[in-house]
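Trainee: Mind folding the following:
(one chain, ligands or ions: 1)
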Amino acid sequence: MLKQEIDTPAVLVNLEQLEANIRGMQKRMNELGVNLRPHIKAHKVPEIARMQLDAGAVGITVAKLGEAEVFAENGVNDIFVAYEIVGARKLQRLLELARKVQISVGVDSIEVAQPLSEAFASAGMRCEVIIEVETGLGRCGVLPGEELLELAFQVDKLPGLKLEGIFTHEALHHLRSPEEVKKVAEGVGHVMVGAAEMLRKEGFEAEVVSVGATPARTYTCVKGVTENRPGTYVFNDRAQIGLGAATSDQCALTVLATVISRPALDRAIIDCGRKILTSDRDWFLEDFGEVVGRPDLVLERLQEEHGFIRLKEPGPDPKVGDLLEVVPNHTCVVMNQVDRVYVLKGDKVEGTWTVAARGKSR
Ligand SMILES: Cc1ncc(COP(=O)(O)O)c(C=O)c1O
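Mentor: Purely as a prediction, here's the structure:
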């Protein structure tokens, strides 16, 4: 089957570019001596995780237990849940997983750590925990000084837990230039290494010093950082281009759409709206995707099932029935919108992959 024969809207994966992105990141991490533990929320596809592991990744990162369950069923045996696990039902699921595969999990408070400890200790098991450190995101995490130390001492006393180290996710999407991204990411790297050294002075091993965000490229991986968890790098997207982490050529995912209406000379409507492309838009993006090879077209508005394209120069092209390909603003969310993706080499469809962890947000 050829690309032109695919029913739209459809998510296309450029296999050769995907492979190049996976190889490139692994090579950079190998050169730095940093373990790569990619975040699979960016793709949710076991076949892609297998490619990442075969290239040299030490394991995967997930946000949700539902994702961990899908990837464990599909042969991944080392999973970091970079998320606070709260509630009895989830603790039971975590225990089930830990019986089958190597699991580590994030904690950022005694309220999260205590029930985790009780669940694992009463099952006669031990859970590896990694403390989440707040380095600017304003999300979860303890501050890298006293707060971190206090939680480390508390966790250390709890049965059923083993403190492995610390992790953070760099806050970079709000920054104004690639230079600023570099400066902030390097700063976060140094904060994390300093925090780990502080823990070691107090007798903790702090074996894992884990960072991860695609816009950071390798900047956060300063000496002393042991692990990187980027996700979006497998596909890249317009946010990454805007932040200086990728070029258009390095984008491995596009959305194929059909022009369904030409209601005016300066407007074309495509069969693809927010329900595929999502309404995500970083501050530096004025539109909702780049129409490949068509700088004259601006995807300026989305409704649920319609994309509104403005023609910079009004005219008859594109026509109803024409196919257009769009590089999305944020691929991670796009992957959660479709059941399967088409895998292409050039214009030839090599096959499809099921987005097995689609919607696994529990
Ligand atoms: C905890 C954590 N680690 C790693 C990542 C991967 O970051 P990116 O998607 O920028 O590659 C994310 C992304 O949200 C995250 O939340």
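Trainee: Can you tell me the number of residues neighbouring residue 73?
Mentor: Look at residue 73: counted by other C-beta atoms under 10 Å, it has 12 neighbours. From N, CA and C alone the C-beta is placed, and that goes for glycine too.
Trainee: for residue 228, that is, sorry about that
Mentor: As a burial measure, residue 228 scores 28 neighbours (other C-beta under 10 Å).
Trainee: what bridges to it?
Mentor: Residue 228 has these beta-bridge partners by DSSP bridges: residue 36, residue 211.
Trainee: Could you check how sure the model is about stretch 297-308, as an average pLDDT?
Mentor: Averaging pLDDT along stretch 297-308 gives 98.
Trainee: Quick one: the helices in the stretch 51-200 of the chain, in order.
Mentor: Under the criterion DSSP state H, counting those that start in this stretch, the stretch 51-200 of the chain contains helices at 65-73, 88-100, 110-122, 146-157, 178-201.
Trainee: and if you look at the stretch 251-362 of the chain?
Mentor: Under DSSP H, counting those that start in this stretch, the stretch 251-362 of the chain gives helices at 274-277, 331-334.
Trainee: Mind putting these into TSV with mean pLDDT and mean neighbour count?
Mentor: Output for the helices of the stretch 251-362 of the chain, formatted as TSV (pLDDT from 0 to 100; neighbours: other C-beta atoms under 10 Å):
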stretch	mean pLDDT	mean neighbour count
helix 274-277	97	20
helix 331-334	97	23
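Trainee: any chance of the ones you listed in JSON lines, plus distance to the ligand?
Mentor: Compiled in JSON lines, these are given as follows (distance: least, C-beta to the nearest ligand atom, whole Å):
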{"stretch": "helix 274-277", "distance to the ligand": "17"}
{"stretch": "helix 331-334", "distance to the ligand": "6"}
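Trainee: Next, format those as JSON lines and append distance to residue 238.
Mentor: Output for the helices of the stretch 251-362 of the chain, formatted as JSON lines (distance: least, C-beta to C-beta, whole Å):
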{"stretch": "helix 274-277", "distance to residue 238": "11"}
{"stretch": "helix 331-334", "distance to residue 238": "9"}
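Trainee: most packed of the helices of the stretch 51-200 of the chain?
Mentor: Comparing these by mean neighbour count (mean count of other C-beta atoms under 10 Å), helix 65-73 comes out on top with a mean of 22.
Trainee: State the pLDDT value of the nearest residue to residue 282 once chain neighbours are set aside.
Mentor: Using C-beta to C-beta, 6 or more residues apart in numbering and skipping residues adjacent in sequence, the residue nearest residue 282 is residue 239, 4.9 Å away. The model reports residue 239 with a pLDDT of 96.
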